[in-house]
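> Structure for the following, please:
(one chain, ligands or ions: 1)
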Amino acid sequence: MTNSVTVLGLGAMGTALARAFLAAGHPTTVWNRTPGRSPELDELGVRRATTVGDAVTSSRLVVVCLLDDDSVRTTLEPIASELAGRTLVNLTNGTPLQARRTADWAAQQGAEYLDGGIMAVPAMIGGPDGFVLYSGSPVAFERYEGDLAALARPQYVGGDAGLAALNDLALLSAMYGMFAGAVHALALTSTEKIPPTKFTNELLVPWLTAMLCSLPAMADELENGAEPGSAGSNLAMQAAGFGNLIDASTDQGVDPALLLPVRALLDRAVAEGHGDRDIAAAIPLLRKG
Ligand code: FVH
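Here you go, the predicted model:
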């Protein structure tokens with residue numbers, strides 16, 4: 001059975017979500033603060049609600065995908081009493097604390113709550129490559145997992161509503177770290193006549209792909225510890241060589257700002273006695289307290 005669904009928010013992502021629900025045969029009602037957005041949805045059979053209240057009362061399953069936590073709060077608070085007995089799925093990017101606060105608020109309104117982290121860009125919605133993390137009400141996830149699968153592979157990460165956001169932001173941290181490194185690399189190579197596409201396709205992508213293979217070993221070391229001296233690429237060696245990245249950047253006229261915090265972390269790890277360990281030894285240093 002295809003449940004009817006409401007989507008609040010028709011930005012790039014909300015529009016992709018609504019399109020995927022429609023493609024999977026779900027009667028879909030949409031609302032957006034600015035009316036008339038994404039007119040292409042009309043010929044796909046979408047129903048447009050003129051008020052948030054009308055949109056919410058059209059479906060038991062209400063998916064919210066707005067800019068940020070503030071916009072979710074200001075949109076939902078005026079129609080809070082309409083949420084009783086419904087399931088609210090919040091796919092807006094936010095923090096674990098925001099997710100837990102919205103989960104408590106939704107429970108006070110008598111609604112089931114799932115918080116979500118979309119690990120996809122709009123073009124990937126409805127396709128095989130993305131996934132969406134969910135946390136919160138296990139009852140809601142069990143009830144709507146099949147419907148939510150229309151968007152991207154659903155992955156439930158726990159009953160604590162904050163866990164989807166925590167995992168989402170951790171994955172985005174890794175992504176931004178990778179992109180920051182790639183942006184720096186391209187800034188560096190562009191100071192010489194090195195074609196960006198050649199560098200990227202022949203060197204950068206193969207190198208990053210090869211280095212990804214070391215992540216499970218890093219996680220294993222974090223989880224199980226490692227014998228001092230067992231590192232194949234010890235931190236003292238890495239810290240000594242890292243200065244060359246900074247110096248070469250400066251020599252080539254490239255701002256080393258993105259690299260400086262990494263050097264500080266490596267130097268600190270060595271100073272605190274972890275020079276014979278691998279990069280995993282730096283992870284506990286990032287945790288406060
Ligand atoms: N697009 C992406 O690549 C990423 C992929 C991962 C998940 N993110 C998150 O999804 C949320 C929505 O992102 P989006 O791409 O749809 O964003 P926009 O195209 O900028 O649309 C924003 C929508 O939010 C509405 N909105 C903004 N402020 C308010 C408000 N105060 N009250 C009510 N609605 C508001 C806006 O409405 P309008 O400007 O058309 O009236 C759009 O519907 C986001 O959390 C990403 O981090 C996307």
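> from here on, contacts and neighbour counts on C-alpha atoms
Fine.
> and this protein, which residues reach the ligand?
Contact residues (C-alpha under 6 Å from any ligand atom) of the chain with the ligand: 9-14, 32-34, 65-68, 71, 75, 92-93, 118-122.
> Which of these fall within strands?
With strands defined by DSSP state E, the entries of those inside them are 118-119.
> Counting neighbours, which bits of the helix or strand bottoming out on mean pLDDT in the chain end up buried?
Using mean pLDDT, DSSP states H and E, the weakest-scoring helix or strand in the chain turns out to be helix 215-224, at a mean of 87. Applying a neighbour-count criterion of 16 or more other C-alpha atoms under 10 Å, the buried positions in helix 215-224 are 218, 221-222.
> Find me the pLDDT at the residue nearest the centre of the chain, would you?
Taking C-alpha atoms, centre = their mean, the centroid of the chain lies closest to residue 168, which sits 3.6 Å from it. Here the pLDDT value assigned to residue 168 is 98.
> Residue 40 versus the closest residue to residue 27 other than its chain neighbours, what's the distance?
The spatial neighbour of residue 27 that comes closest, neighbours along the chain excluded (C-alpha to C-alpha, 6 or more residues apart in numbering), is residue 4 at 4.6 Å. Shown here: residue 4 relative to residue 40, a distance of 19 Å by C-alpha to C-alpha, to the nearest Å.
> swap in residue 270?
Applying C-alpha to C-alpha, the value for residue 270 to residue 40 is 57 Å.
> Neighbour count: those two, which is higher?
When residue 270 and residue 40 are compared on other C-alpha atoms under 10 Å, the one with more neighbours turns out to be residue 270, at 21 against 12.
> next one: phi and psi at the more buried one?
Note on residue 270: its backbone torsions stand at phi -70, psi -50 [degrees, to the nearest 10].
> need the strands for the stretch 101-250 of the chain, in chain order.
Assigned by DSSP state E, counting those that start in this stretch, the strands in the stretch 101-250 of the chain fall at 112-119, 131-136, 153-156.
> And for the first one, what's in contact with it?
The reference is to strand 112-119. 85-93, 99, 103, 106-107, 130-137, 140-141, 161-162, 164-165, 167-168 (C-alpha atoms under 8 Å, 6 or more residues apart in numbering).
> quick revisit: ranking the strands of the stretch 101-250 of the chain by burial, who's on top?
For these, the largest average neighbour count (mean count of other C-alpha atoms under 10 Å) is found in strand 112-119, namely a mean of 27.
> Leaving out the residues flanking it, which one is nearest to residue 233?
Residue 233 sits nearest to residue 278 (C-alpha to C-alpha, 6+ apart), 6.1 Å away.
> Test my guess that the one you found contacts residue 237.
No. Shown here, residue 278 and residue 237 do not form a contact pair, counting by C-alpha atoms under 8 Å, at 9.8 Å.
> Which one of those two is surrounded by more residues?
residue 278 (23 against 14).
> Next, the more buried one: phi, psi?
Geometry field for residue 278 lists phi and psi as phi -90, psi -180, criterion degrees, to the nearest 10.
> Now for it: which residues touch it?
231-235.
> Could you do residue 253 as well?
When contacts are counted by C-alpha under 8 Å, 6+ apart, residue 253 is found next to residue 191.
> Can you give me the neighbour number for residue 36?
Residue 36 sits with 14 neighbouring residues when counted by other C-alpha under 10 Å.
> no, scratch that, I was asking about residue 111
A count of nearby residues for residue 111, using other C-alpha under 10 Å, gives 23.
> Residue 224 versus that one, what's the distance?
Taken as C-alpha to C-alpha, the spacing of residue 111 relative to residue 224 amounts to 41 Å.
> ditto for residue 162
Note on residue 162: its distance to residue 224, by C-alpha to C-alpha, is 26 Å.
> how about the helices in the stretch 151-289 of the chain?
Read by DSSP state H, counting those that start in this stretch, the stretch 151-289 of the chain holds these helices, from start to end of the chain: 163-189, 196-199, 205-212, 215-224, 235-251, 260-269, 283-286.
> between those helices, which gets nearest to residue 44?
Residue 44 sits nearest to helix 163-189 of all the helices of the stretch 151-289 of the chain, at 30.6 Å, using C-alpha to C-alpha.
> tell me what that closest one is packed against?
Counting contacts by 3 or more C-alpha pairs under 8 Å, 6 or more residues apart in numbering; DSSP states H and E, the secondary-structure elements packed against helix 163-189 are helix 96-108, strand 112-119, strand 131-136, helix 196-199.
> remind me which residues of the stretch 101-250 of the chain are low pLDDT?
Along the stretch 101-250 of the chain, segments meeting pLDDT under 70 span 226-231.
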